[in-house]
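A.B. asks: structure for the following, please:
(chains A and B)
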Amino acid sequence: MLRLLWLIPAIPFLSALLLAVFGSRFSRMTVAGLGVGSIAGSAVISILTAVAFNGSYTQSLWVWIHVGGFRPEIAFRLDALSLVMTLVVTFVGFLIHLYSAEFMLGDEGYSRFFAYMNLFVACMVTLLLADNLLLLYLGWEGVGLCSYLLIGFWYQDPANGRAGQKAFVVTRVGDTAMAIGLYLIFHSLGTLRIEDVLREAAARWPAGSSYAIAASALLLGGAVGKSAQLPLQTWLPDAMAGPTPTSALIHAATMVTAGVYLIARTHVLFQLAPPVMLAVAIIGAATLLMAGFSALTQDDIKRVLAYSTISQIGYMFLALGVGAWGAAIFHFMTHAFFKALLFLAAGIVIEALHHEHNIFRMGGLRRELPIAFWTFLIGGCALAGLPLVTAGFYSKDLILWSARTSAAGGVELWVAGLAGVVLTSLYTFRLIFLVFFGELRTPVSKRPGWAMRIPVSVLAILAIIGGFIGGSFTRFLATSLPAFPEPAAPGITEAAAGSIAAIAFFLGLAAAWLLYLKHPELSAAMAANATGRALHRFWFADWGMDWLYDRVFVRPLTAITFINRRDAIDSLYNGLARLATLGYRALSWTETGKLRWYAAGIAGGTALFIAIALFL
Amino acid sequence: MATVPLRDGLILSGVLFALGLVGLLVRRNMIFILMSIEVMLNASGLAFVVAGARWQQPDGQVVFLFILAMAAAEVSVGLALVLELYHQYKSLDVDAASRMKG
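C.D. replies: Numbering: from 1, shown residues only, chains lettered A, B, ... in the order given. Take a look at the predicted model:
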């Protein structure tokens, strides 16, 4: 069964190819069957490989490039980490594809959509299963491409195209850092096979050496770009321009967590570089707080979810930074379930209200769209971490506990995480209260069919039960990631830490209830005074990051290009071309067509050459 | 038999060649151009003959025979072209046939 491993990326890739070439000739039924069926096939095969899995397995297909000592292969490697990620990606991917089959039905670009989505899954699985960093990079760029294509899916609106470009360019900044990191690793260690890189690095680089720090910092750059962490997080909220299933699959559940996967995959390098580990933790803590505040002020339902994604990935980075690798991957899994669920439920709401995104024009949908309400409620509770019941609580609690007790962590990081819990709970329930409670503001026009109900129901179940497997999950992961060391003398018991996290959750819930359900005038009053308004504007604009980047990078660059709009270097080549044109004109002028003129030319030329031969 | 001095022969040949060249360049009638070419060919033939006499070798006269043969061929082709051009342009003016230009 393990020998079928290569089929997991191959099937979606083939299907994407078929859809891209023949998609316009297929009927919608065929397109949906191919698009959804291919991912179902991948999911089944990944389950089959999971059943047969024992320890680790490498499948080498062929040598990709052979230049000197550089010999990367097209090879897939299955271990506990990549197995878990692949299972989640294919399974959640399948559910989202099923949902899209109905959600996108009325769209002109139906086959194009499935071609992109299938290509995305193929690239994502390649990224996860890659045996060497070069193949991983191929998948990494592939998912970036699909992200770009899908954000700008409705290309008739130039704003969507711009959002796609922004996502592409901003992640490119991180990708460039990552590419340099790969050169550095190859230059120093002479290989890009992940296993060999980790072994060689541990053997050759002493802890804290400059090579280890540089390599891991550059990889961190790539991870920060892809996972939308500080300071490259600005692209993700704009990426919500894409279709909702895209946001669920790419910009919530899978691609944006690729950075987490990269760091977990190359964890040895990070362990060798304690300052970078600390940076990872601090980036995570800062991002989760900043994005949490921004989420509080947004009025677009998808943008709230986008900021919450940034914030939740911040938790994963926090966990990675304190060395709790298993906790990060655990949170990745639960996050994939509940965030995909939230996006899909939000998609139902948006479609029911004629593509209305503004939460202040929603309301009272509790009775109108019960399926959306209950699933969104479950997803929201999991996101905010409703104690004991939901998956999100267990994974987040594990992260908070690790941040508190790890040698690399500390009370500050723990407090930041707790503040994040309050914020998460506050903005999540703000969203739920505004959208589903109160009076009906926009009439409901469309109710979801079974292809949309089933995925959200399954994800809702997973968002609850996904957390109960925590202990065995991290034990399973310990075969490929170092286990989190049990703290010798924690300053706080696990139960007490969990209770504090639960209190934080209820604090946020109570505040949201008070501000948005019981006394809405209170929140209006808070936003009305001068400081409130300024803060609101500041957070609404993502702490002015876009404004800052616009002033610091975009404007100077456009100014420089404006100055050089005639292109100094180009004008050199244009000058050469003009010189050649001039010469050609002069020569063609001598071609008069008059025979005697030519004869005179021959005679004169001969005389000239004879004169040169005689007198010089 | 007194031989003509080489210098005089070559001067005569040069003068003839120059006359032919000038005729070629200034006349527009194609028949006259052909005649001028004939003059130039004979001028060069004369130079060969004079040189052959100077070194007492038959080669100069042999080459002159070649030139004669070539001139005959040239004239036959040239006259055919002239006839064809006359047919086309109803004129013997060489400048009338100047459409092939850059």
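A.B. asks: run through the residues of chain B sitting next to chain A.
C.D. replies: Residues of chain B lying close to chain A (C-beta under 8 Å from any C-beta of the partner chain) are B:21, B:24-25, B:28, B:33, B:94-95, B:97-102. Where you see a C-beta, it was placed from the backbone N, CA and C, and this is true even at glycine.
A.B. asks: tally of neighbours for A:Asn132?
C.D. replies: Using other C-beta atoms under 10 Å in any protein chain shown, A:Asn132 is surrounded by 23 other residues.
A.B. asks: just the pLDDT for it.
C.D. replies: For A:Asn132, the pLDDT comes out at 90.
A.B. asks: that one and A:Leu198 touch, don't they?
C.D. replies: No: in this structure A:Asn132 lies outside contact range of A:Leu198 using C-beta atoms under 8 Å: 11.7 Å.
A.B. asks: shaky segments in the chain?
C.D. replies: Answering for chain A, as no chain was given. For chain A, the stretches with pLDDT under 70 are A:487-491.
A.B. asks: oops, chain B please
C.D. replies: B:1-2, B:102.
A.B. asks: check which residues of the lengthiest helix in chain B are buried.
C.D. replies: Assignment by DSSP state H gives helix B:59-89 as the longest helix of chain B. Across helix B:59-89, burial judged by 16 or more other C-beta atoms under 10 Å in any protein chain shown covers B:60, B:63-64, B:67, B:71, B:75, B:78, B:82, B:85.
A.B. asks: which one of the residues you listed is nearest to chain A?
C.D. replies: Set against chain A, the nearest of the buried residues of helix B:59-89 by C-beta to the nearest C-beta is B:Leu85 (10.5 Å).
A.B. asks: nearest residue to the closest one other than its sequence neighbours?
C.D. replies: Excluding its sequence neighbours, the residue lying closest to B:Leu85 (C-beta to C-beta, 6 or more residues apart in numbering or on different chains) is B:Ala97, at 5.6 Å.
A.B. asks: before we move on, what about A:Tyr307?
C.D. replies: Using C-beta to C-beta, 6+ apart, the closest residue to A:Tyr307 is A:Ala295 (3.6 Å).
A.B. asks: I figured that neighbour hits A:Gly314, correct?
C.D. replies: No: A:Ala295 is not in contact with A:Gly314 according to C-beta under 8 Å; the separation is 11.5 Å.
A.B. asks: so what does the helix or strand where the residue nearest to A:Tyr307 lies touch, helix or strand wise?
C.D. replies: Secondary structure assignment for A:Ala295, by DSSP states H and E: helix A:274-297. Secondary-structure packing of helix A:274-297 (3 or more C-beta pairs under 8 Å, 6 or more residues apart in numbering or on different chains; DSSP states H and E): helix A:210-226, helix A:267-271, helix A:301-321, helix A:411-436, helix A:530-540.
A.B. asks: in the stretch 401-550 of chain A, which spans are strands?
C.D. replies: Taking DSSP state E, counting those that start in this stretch as the test, none of the stretch 401-550 of chain A falls into strands.
A.B. asks: residue in it nearest to chain B?
C.D. replies: Nearest residue of the stretch 401-550 of chain A to chain B: A:Asp550, at 54.9 Å (C-beta to the nearest C-beta).
A.B. asks: burial of that residue, as a residue count?
C.D. replies: By the measure other C-beta under 10 Å, the count of residues near A:Asp550 is 13.
A.B. asks: hang on, the earlier thing: neighbours of the residue nearest to B:Leu85, how many?
C.D. replies: A count of neighbours around B:Ala97, defined by other C-beta under 10 Å, yields 16.
A.B. asks: on that earlier part again, give me the distance from the helix holding A:Ala295 to the chain's centre.
C.D. replies: In terms of C-alpha atoms, centre = their mean, to the nearest Å, the centre of helix A:274-297 is set 16 Å apart from its chain centre.
A.B. asks: let me know the angle separating it from helix A:210-226.
C.D. replies: 10 degrees (axes from the mean of the first three to the mean of the last three C-alpha atoms, to 10 degrees).
A.B. asks: helix A:274-297 to helix A:301-321, inter-axis angle?
C.D. replies: Using the same axes, to 10 degrees: helix A:274-297 against helix A:301-321 is 160 degrees.
A.B. asks: report the buried residues of helix A:274-297.
C.D. replies: Buried residues in helix A:274-297, counted by 16+ other C-beta under 10 Å: A:274, A:276-297.
A.B. asks: ditto for stretch A:438-456
C.D. replies: In stretch A:438-456, counting by 16+ other C-beta under 10 Å, buried: A:438, A:441-442, A:444, A:448, A:451-453, A:455-456.
A.B. asks: so which of those sit within helices?
C.D. replies: Mapping the buried residues of stretch A:438-456 onto helices (DSSP H) picks out A:451-453, A:455-456.
A.B. asks: could those residues go into JSON lines alongside distance to chain B?
C.D. replies: Shown next, in JSON lines, are those (distance: C-beta to the nearest C-beta, whole Å):
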{"residue": "A:Ala451", "distance to chain B": "71"}
{"residue": "A:Met452", "distance to chain B": "72"}
{"residue": "A:Arg453", "distance to chain B": "77"}
{"residue": "A:Pro455", "distance to chain B": "72"}
{"residue": "A:Val456", "distance to chain B": "75"}
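A.B. asks: so what's A:Leu522 closest to, chain neighbours aside?
C.D. replies: Distances taken as C-beta to C-beta, 6+ apart put A:Leu515 closest to A:Leu522, at 5.4 Å, once the chain neighbours are dropped.
A.B. asks: ok, A:Gly417 next?
C.D. replies: Nearest non-adjacent residue to A:Gly417, counting by C-beta to C-beta, 6+ apart: A:Leu400, 4.8 Å away.
A.B. asks: could you do A:Ser60 as well?
C.D. replies: Leaving aside its sequence neighbours, A:Ser60 sits nearest to A:Ala75 (C-beta to C-beta, 6+ apart; 4.1 Å).
A.B. asks: residues contacting whichever residue of the stretch 351-500 of chain A sits closest to chain B?
C.D. replies: Residue nearest to chain B within the stretch 351-500 of chain A (C-beta to the nearest C-beta): A:His355, separated by 64.1 Å. Residues near A:His355 by C-beta atoms under 8 Å, 6 or more residues apart in numbering or on different chains: none.
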